[in-house]
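Engineer: okay, sequence plus prediction incoming.
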Amino acid sequence: MRSACVAIIPVRGGSKGIPRKNARLLNGKPLVYYAIRAALSSGCFTDVYVSTDDEELEYLSVKFGAKVLERPRHLSGDDVGLDEVIVDAVASLERDTGARIDYVATIQATSPLISRATIERAVNTCLDQKLDTVVSVVEDTHLGWKLDDENLRLVPDYLRRVNRQHLPTHYRETGGIVVCRRKQLETGSRFGVKVGTIKQDKKEAIDIDDRFDWWLAEKQMRRKTIVFRVEGYAEIGLGHVYRCLTLADNMLDHDITFVVSENSQLAIMLLESRFYDVVTFGDPDDEIETIRSCNPHIVVNDILDTKAKYIKTLKKLGYKVVNFEDQGGGQKEADAVINAMYGSSGARRNVHRGPDYVCLRDEFYATKPIRIRKNVTTVLVMFGGVDPSRLSQRVVNWLLQMRYDGRVTVITGPGYRDAESLVQLCKPAENIEVVSDTKIVSKYMSDADIAITSAGRTVFELASLGIPMIMLCQNVREQSHIMAYKSKGVINLGLGKKVTFDKFRRHLTKLLDSTDLRRDMHRALREYKFKSGIKNVWNVILRS
C-alpha cells in the first residue's frame, strides 16, 4: 500500500519585504496559486493543505483547490520557524480529521517556479530510499568570506583561491520543498539523520524574499521558448544563420533553440561553435515532430519560401509563426513575414518590409562610417560566406586584367570551397590580400573606400558604413534586393554571371576616378537608419 503523504503550504498575511506578498498578483495570479497548482498536479498527495492566519488567503486557497488549516496566532510572527508551524499543522490535522499520515511535504509559496516534476522527484526519493528528509537545493559554489571566531573580521571561507569549477561543490537550500517522515516531526524538526537532496536549476530555485526576487520570478514566468528553423549550406550560404544568431545574441529574455536539417553541416558547426542548443532531423517527414519536441511558443522560419501546408500545421499545433523573406504559399498563413531585403508587387497586412527590419551584427553598432577620401586606396571584394557563383574569382580575374595596382582585400567565408585556388590566383599580385573566415569583418570594411559585392545581407552592413558599392547578384532573387534597385549608393550590374568584363571595367573606372560620385553615393547610403532593426524585428516576433 502506498504511504499516505500530504502537502502543507505555509502562508502568512503579513510580509515586510513585499506587503501582502502571498495574495499579490504575480504574472496575473496570486502568488499562493502557483504552489497549490504544482502540488495538486503532481498527484503525489492524498490532500493539499494551506496553513494560514489570513482570511483572504484562506478564500484564495479554497478557490484554487486546496484545503485550509487555520494557523494559531502565536505561530504567525516573524520569528517563528517553519518546523514549529508544520509540527502544529500536522498535529491539528490528525486531531481534527483522524487522518493517517506517513510523510509530509512542505512546499513554499515563495517558490512559484517549482515544478510538478521536482515535487514528484522529492517525494519519490524520500519514500523509495527510506530517508528521514529530502530537501531541494541549488548548486552555489563560489569563493566566500566569513567572520572569524570572535566576529571581528572577515576571513576567507576557502583553503586557497582557485577557479570556481575547482572548488568543493556547495549546495544551498532553495526552500522550495522539504519532504520528511511523519515520525521525524516528533523530534520537533523536519530534518533527520538520513537526508537526501533534490537539485534544482537556478530558474526553478528563485525564492521570493524582496522586490528584486519578485521581478526575477515574473521575468522568468514570461519567458518563451522560441525555435529558429534555419538552414545553411554551400548552395544557399550562411546569411540566414548569421541573421538568426544576431537576433539570438540580442535576446536573453527567452529560451532559444535552433532546428536544422542534417544536410546543413555548415550551419550546425557554426551554431554549435556559439554554444546554442541545436536539434537536427534527417528525414524531411520528421521536421514538424522535431520542432514539436522543442515545445515552442513561437517558430521563426528563416528558410526562404515555405509551403502553406507546413505553416498551417505549425499553427494547428498552437504556435505563433514568423517567417523571413517568404514569398511562397506559406506567407499568407504566417502570423507575420519580415522582409528587409526584397521588394514585392503586392502588399499584405502581415508583411513588414524594408530597411527598418535590417538586423546588423553587433560589431556594426560600434563601428563609425568611413570618410570619403580623394583617392581610392582600398577596394573590398566580398561575396558572402559561400559565394556559390564563384564571383570572387571572376572579379579578381577582372582586376588582374585591368592591372589595377591599388590595394585589394578579398574576404571569403567558412563555406567557400575555392579558397586555395583563389589564394594561388592572387599570389603573383602583391597588392591583393585574401582573408578567410574573419570574425571581425567590420575591421576590413572600415578600411575600404569602395566595395564589390553581391546582393545579400552584406549590402546592409556596407551601407551602414556608407561604403559605395558595385553589386553583382548571385541569382535572380537577389536582383529584387530593395537597395539594389532603389539606392543611389549602389551601382547594380545585374546577374553576376552575365556581367561582361567591359561593363565591369567601365563602372569601376568611373567610381575610382570620381570623388564626387563616391561622396554622393556615401550620402545616399547614410540616409538609411538601421540602428533600430533588431528591436523592430523582435517586436514583430513577440507581438501576440
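Structural biologist: Structure received. Numbers count the residues shown, from 1 in each chain.
Engineer: let me know the secondary structure of residue 467.
Structural biologist: Classification of residue 467 using DSSP: H, G, I helix; E, B strand; the rest coil returns coil.
Engineer: okay, now the residue lying closest to it once chain neighbours are set aside: neighbour count?
Structural biologist: Of all residues not flanking residue 467 in the chain, residue 451 sits nearest, at 5.0 Å (C-beta to C-beta, 6 or more residues apart in numbering). In this view, the C-beta of every residue, glycine as well, is placed from N, C-alpha and C. Residue 451 is flanked by 26 other residues according to other C-beta atoms under 10 Å.
Engineer: same check on residue 490?
Structural biologist: 24.
Engineer: surely it meets residue 469?
Structural biologist: Yes: contact status for residue 490 versus residue 469: in contact at 4.9 Å, counting by C-beta atoms under 8 Å.
Engineer: okay, and the common contacts of the two?
Structural biologist: Common contact partners of residue 490 and residue 469 (C-beta atoms under 8 Å, 6 or more residues apart in numbering): 459, 521.
Engineer: can you tell me what sits against the host helix or strand of the residue nearest to residue 467?
Structural biologist: Secondary structure assigned from DSSP states H and E places residue 451 in strand 450-453. Strand 450-453 is contacted by residues 376, 379-383, 395, 445, 459, 462, 467-472, 508, 511-512, 518 when judged by C-beta under 8 Å, 6+ apart.
Engineer: could you chop this structure up by domain?
Structural biologist: Here the domain parsing of the chain from automatic domain parsing is 5-220, 223-353, 363-526.
Engineer: show me how far the longest one is from its chain's centre.
Structural biologist: Looking back up the chat, that one is domain 5-220. Centroid displacement of domain 5-220 relative to its chain, using C-alpha atoms, centre = their mean, to the nearest Å, is 30 Å.
Engineer: also the last one?
Structural biologist: Computed by C-alpha atoms, centre = their mean, the chain-centroid distance of domain 363-526 equals 33 Å.
Engineer: between the two ends of it, what distance do you get?
Structural biologist: Domain 363-526 stretches 17 Å from its first residue to its last (C-alpha to C-alpha, to the nearest Å).
Engineer: same question, the shortest one
Structural biologist: Terminal residues of domain 223-353 lie 27 Å apart, using C-alpha to C-alpha.
Engineer: tell me where the model's unsure across the stretch 1-150 of the chain.
Structural biologist: By pLDDT under 70, the weakly predicted segments of the stretch 1-150 of the chain are 1-2.
Engineer: strands of the stretch 201-350 of the chain, start to end?
Structural biologist: 225-230, 255-261, 277-281, 298-302, 320-324, 336-339 (DSSP state E, counting those that start in this stretch).
Engineer: quick one, which of the ones you listed gets closest to residue 15.
Structural biologist: Ranking the strands of the stretch 201-350 of the chain by proximity to residue 15 (C-beta to C-beta) places strand 255-261 first, at 30.6 Å.
Engineer: what about residue 296, how many neighbours?
Structural biologist: 25.
Engineer: can you give me phi and psi for it?
Structural biologist: With angles defined as degrees, to the nearest 10, residue 296 sits at phi -80, psi 160.
Engineer: quick one, what contacts it?
Structural biologist: Contacts of residue 296 by C-beta under 8 Å, 6+ apart are 224-227, 257, 319.
Engineer: on that earlier part again, let me know the pLDDT of the residue nearest to residue 467.
Structural biologist: For residue 451, the model assigns a pLDDT of 98.
Engineer: from residue 435, how far off is it?
Structural biologist: Using C-beta to C-beta, to the nearest Å, residue 451 is found at 14 Å from residue 435.
Engineer: with residue 22 instead?
Structural biologist: Going from residue 22 to residue 435 by C-beta to C-beta gives 60 Å.
Engineer: for those two, work out which one has more neighbours and name it.
Structural biologist: Neighbour totals were compared for residue 22 and residue 435, and residue 22 leads with 28 against 15 (other C-beta under 10 Å).
Engineer: hang on, the more buried one in a strand?
Structural biologist: No: counting by three-state DSSP, residue 22 is not part of a strand but helix.
Engineer: so it sits against residue 14, correct?
Structural biologist: No: at 9.6 Å, residue 22 does not count as touching residue 14 under the criterion of C-beta under 8 Å.
Engineer: out of all of them, which strand in this structure is the longest?
Structural biologist: strand 171-181 (DSSP state E).
Engineer: strand partners (parallel or antiparallel) of the helix or strand that that one is followed by?
Structural biologist: Per DSSP H and E, strand 171-181 leads on to strand 195-199 as the next helix or strand towards the C-terminus. Note on strand 195-199: by DSSP bridges, its sheet partners are strand 133-139 (parallel).
Engineer: list the buried residues in the partner strand.
Structural biologist: 133-138 (16 or more other C-beta atoms under 10 Å).
Engineer: in the stretch 351-500 of the chain, which spans are strands?
Structural biologist: Secondary structure of the stretch 351-500 of the chain (DSSP E, counting those that start in this stretch): strands at 351-353, 378-382, 407-412, 432-436, 450-453, 469-473, 490-495.
Engineer: what strands line up against the first one, and which way round?
Structural biologist: Which is strand 351-353. strand 336-339 (parallel).
Engineer: check the offset of the partner strand from the chain's centre.
Structural biologist: Taking the mean of its C-alpha atoms, strand 336-339 sits 19 Å from the chain's own mean (C-alpha atoms, centre = their mean).
Engineer: where in the chain is the helix or strand with the lowest mean pLDDT?
Structural biologist: Here the helix or strand of the chain ranked lowest by mean pLDDT, DSSP states H and E is helix 482-486, holding a mean of 78.
Engineer: which other helices and strands contact that helix?
Structural biologist: Applying 3 or more C-beta pairs under 8 Å, 6 or more residues apart in numbering; DSSP states H and E, one finds that helix 482-486 makes contact with helix 458-464, strand 490-495.
Engineer: among the ones you listed, show me which one is buried the most.
Structural biologist: Sort the helices and strands packed on helix 482-486 by mean neighbour count, taking mean count of other C-beta atoms under 10 Å, and helix 458-464 sits at the top with a mean of 25.
Engineer: just want the angle from the helix of greatest length in the chain to strand 171-181.
Structural biologist: Secondary structure of the chain per DSSP state H: the longest helix is helix 82-97. On the basis of axes from the mean of the first three to the mean of the last three C-alpha atoms, to 10 degrees, helix 82-97 is oriented at 20 degrees to strand 171-181.
Engineer: related to what we said a few turns ago, partner residues bridging the residue nearest to residue 467?
Structural biologist: With DSSP bridges as the rule, residue 451 is bridged to residue 380, residue 469.
Engineer: ok, so what distance separates it from residue 405?
Structural biologist: On the measure of C-beta to C-beta, residue 451 and residue 405 end up 18 Å apart.
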